[in-house]
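Peer 1: Sequence first, then the predicted structure:
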Amino acid sequence: MKMKKLLALVLAFIVLPIPAASQAVVSKSVAFQAEVWADNWFSLYINGKKVGEDSVPITTEKSFNSEKIKFSATYPLTIGVIAKDFTENSSGLEYIGKPNQQIGDAGIIFQIREISTGKVVAYSGRDWKVLTVNKAPLNPECVSSTNPTTDCKYSNTTIPNTWTSSTYKDTTWKNATEFSKETVGVKDGYFDYSWAPGAALVWSSDLKLDNTILLRKVLKAPTVVTATKSMTLGSPDFKDGGNLPIDFTCDGKGISPSLSWSNVPTGAQSLAVIMDTIPGPLRPGEVDIGKHFYLTIFNIPTTVTSIAAGATNIGTFGQNFQGKKLGFTPPCSQGPGSKKYTIYLYALSSKLTITAADATENSLLAAMNGKVISTAEMNVYYSRQS
């Protein structure tokens, strides 16, 4: 009888439920939407699983389409993209045998947003890792060959079996290269989306010869913050939609503008400021360098709520588009007419490790990728008298 009671006690202990505090925490699945434009084709992987691909076959001539791909996944996200440029065969050429036989070029841009909040949590940029899988032709002069399949040389790299997994080590991969819209020659579906600030057209370092590439990035869960009011950006010397005072241009003192802000989220660990403009048409001999950025400041303490005109002692001042010295360079737009200048304020979930010398607008936006928890901006205008 004692043996039966002992056995019953043992069985009862075995089937007791594990206390909630001891159970493994299951990550919550989140609904996402990827927005992609590719020249010419792509396939998307999330956490080791293929979630979608370009609906237009790569064999379709002049396919420059965009796609929306919805999927559910848990953070952290291991994002993998296979991107391909169309080639007729191993030669790396297209329009073979026709008067326009040529080496094609490529490009891709993408962003991923949480559907519930609409927030973009990841976008393509130079901080992505890239591996070239197919390169051709290795001898570009074969572009004029009448028998390119024989004359053009190529190289292939085996795709690593586990490259889409979170445990794969991509330390030997290179960083992606960003390209301008003009260099890639965007068209068609590219204009279907409003791309996030910092989202860039990327590829390996060679748009023409690298025909198949792999891109990957691991994205941690964004910091969850609660903000009762939207972050605001302003200035004691001008208003949003108003005129930029002459002192902040090359026609005046040429000092950096005064700024103030409020309602920074409590979860923010640093702030960053960028001031830029979209330049007008290129003049003969000029080279497109993208937006003209006049001011980049990062690692501004969250206890700071303003920067005085001309101040240089708050945060870290980075590059400007002139590239001659760190800090502010005043707007000096060519010719008469009103020009628009945009000032952005970013609240970030951490401080940035980028150096001041490396802090161009694009590299600063890339460093902030996945860390932006709130933004504010204002537009101002200035008309030169001559």
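Peer 2: Yes, it's here.
Peer 1: Break the chain down into its structural domains.
Peer 2: Residue ranges for each domain of the chain read 30-219, 232-384, as given by automatic domain parsing.
Peer 1: Relative to S91, how far out is C142?
Peer 2: Applying Cβ to Cβ, to the nearest Å, the value for C142 to S91 is 7 Å. C-beta here means a position set from N, CA and C on the backbone, and glycine is covered the same way.
Peer 1: do T305 as well
Peer 2: From T305 to S91 the distance is 61 Å (Cβ to Cβ).
Peer 1: Tell me which of these two has more neighbours.
Peer 2: Set side by side, T305 and S91 show more neighbours around S91, with 23 against 14, by other Cβ atoms under 10 Å.
Peer 1: Can you report phi and psi for that one?
Peer 2: Backbone torsions for S91, taken as degrees, to the nearest 10, come to phi -70, psi -20.
Peer 1: Show the contacting residues for it.
Peer 2: S91 is in contact with 136-137, 142, 148-149, 151-152, 154, counting by Cβ atoms under 8 Å, 6 or more residues apart in numbering.
Peer 1: let's see 10 Å
Peer 2: 101, 103, 136-137, 142-143, 145, 147-154 (Cβ atoms under 10 Å, 6 or more residues apart in numbering).
Peer 1: Repeat that for G92.
Peer 2: So G92 contacts 85, 103-104, 134-140, 142-143, 148, 152-154, 208-211 (Cβ under 10 Å, 6+ apart).
Peer 1: Could you count how many residues lie near the residue nearest to it when sequence neighbours are not counted?
Peer 2: Closest residue to G92 apart from its sequence neighbours, by Cβ to Cβ, 6 or more residues apart in numbering: A136 at 2.9 Å. A136 has 24 neighbouring residues, counting by other Cβ under 10 Å.
Peer 1: same deal with P197?
Peer 2: Number of residues near P197 (other Cβ under 10 Å) recorded here: 18.
Peer 1: Then the one 3 residues further on?
Peer 2: For A200, the tally of surrounding residues (other Cβ under 10 Å) stands at 23.
Peer 1: can you check the one 3 residues further on too?
Peer 2: Look at W203: counted by other Cβ under 10 Å, it has 26 neighbours.
Peer 1: measure T74 to N47 for me?
Peer 2: 7 Å.
Peer 1: Between the two, tell me which one has more neighbours.
Peer 2: Between T74 and N47, N47 has the larger neighbour count (other Cβ under 10 Å), namely 18 against 13.
Peer 1: list the contacts for that one?
Peer 2: N47 touches 71, 73-80, 164-166, 218, counting by Cβ under 10 Å, 6+ apart.
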